[in-house]
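**Student:** Let's see this in three dimensions:
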Amino acid sequence: MALIFFDLDGTILLNGKIVKGTSEMIDQLHENGHEVAIATGRNPNLIKDINQALNIDHLVLANGSYVLSKGQLISEKYIPFSTVKKMMDKADQMNFDLTIEYIDAYIAYRQDTKASEKFSKHFQLPMASYDASVYPKRPVFAFLVFEDDVVETIKDDFPELQFNQSGGMAYDVNLAGGLKAEGVERLVQHLGYKTEDVYAFGDNYNDINMFKAVGHGIAMGNAVDALKDVSDYVTDDVDKEGIQKALKHYQLL
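**Tutor:** Model prediction:
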């Protein structure tokens, strides 16, 4: 039997909505004896009960920083408060939009343009509440930075962080390291699967490391070329039953 990881946006979600047929597909995988997990850049407060709607019990969230299995916390990793304060200060100095993703909140620390609003609308996320006074007194998973030139300017000042493009509209900023791969490996170990029995579907840059940690990395047809280049198989687009076609190719469905 297999353990199958699904990214969310661009993989089983299109513009923030579950693609038609996904729920039935996952039910069939369960009936066939397979385990299903989500592996996403989204944080716990942005999962929007998608896992419950799809009856998925295993979660790798925040690009690998928060891992749950049937409600049990397997691992967690947060950005140090000193780094959070440094990023806030940098945003104030350079006047760039910055969203801070806390474990229990999604807050626009600086919102000088409509970039955050456009991002939220595109992915059907709740609008980030605006609060320039927030200081990190609770765990922080990630930042969102929206401008390419800002990222190029600041990334060398934050060697402890990793900047990944997110849907072409922003950058997910997490602690540097294995990211999704680390979270996936923790869950694989917890569930006792062999690497050759582990599959992962994705579409974006933050899925590259994940593909290197599983036996079979499957890129959506709409995936970025960099992910397709490291994949074992490229399937059709998210809205053209790409996942179903790949699962049938691997005789899992």
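
**Student:** Just the residues contacting the lowest-mean-pLDDT helix or strand in the chain, thanks.
**Tutor:** Between all helices and strands in the chain, the lowest mean by mean pLDDT, DSSP states H and E belongs to strand 129-130, at a mean of 73. For strand 129-130, contacts defined as C-beta atoms under 8 Å, 6 or more residues apart in numbering pick out 105-108, 111. C-betas here are computed from N, CA, C, even on glycine.

**Student:** same check, this time on stretch 233-243
**Tutor:** The set of residues external to stretch 233-243 that reach it, using C-beta under 8 Å, 6+ apart, is 6, 10-14, 19, 21-22, 25, 201, 203, 216-223, 228, 245-246, 249-250.

**Student:** what's the span of that stretch from first residue to last?
**Tutor:** Stretch 233-243 stretches 11 Å from its first residue to its last (C-alpha to C-alpha, to the nearest Å).

**Student:** in that stretch, what counts as buried?
**Tutor:** By neighbour count on 16 or more other C-beta atoms under 10 Å, the buried set for stretch 233-243 is 234-235, 238, 241-243.

**Student:** Sitting in strands, which of the residues you listed do you find?
**Tutor:** The strands, defined by DSSP state E, take in Val234 from the buried residues of stretch 233-243.

**Student:** for the buried residues of stretch 233-243, which one is nearest Asn95?
**Tutor:** Minimum distance to Asn95 across these is 35.8 Å, recorded for Val238 (C-beta to C-beta).

**Student:** low-scoring stretches of the stretch 51-200 of the chain, by residue?
**Tutor:** For the stretch 51-200 of the chain, the stretches flagged by pLDDT under 70 are 122, 134-136, 167-168.

**Student:** picking up where we left off before, Throw the buried residues of stretch 233-243 into JSON lines and include pLDDT and distance to Leu46, thanks.
**Tutor:** Below are the buried residues of stretch 233-243 laid out as JSON lines (pLDDT from 0 to 100; distance: C-beta to C-beta, whole Å):
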{"residue": "Val234", "pLDDT": "97", "distance to Leu46": "28"}
{"residue": "Thr235", "pLDDT": "97", "distance to Leu46": "26"}
{"residue": "Val238", "pLDDT": "93", "distance to Leu46": "19"}
{"residue": "Glu241", "pLDDT": "92", "distance to Leu46": "26"}
{"residue": "Gly242", "pLDDT": "94", "distance to Leu46": "23"}
{"residue": "Ile243", "pLDDT": "96", "distance to Leu46": "22"}
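
**Student:** taking the buried residues of stretch 233-243 as a set, which two sit the farthest apart in space?
**Tutor:** Farthest pair in the buried residues of stretch 233-243 (C-beta to C-beta) is Val234 and Glu241. Separation: 14.3 Å.
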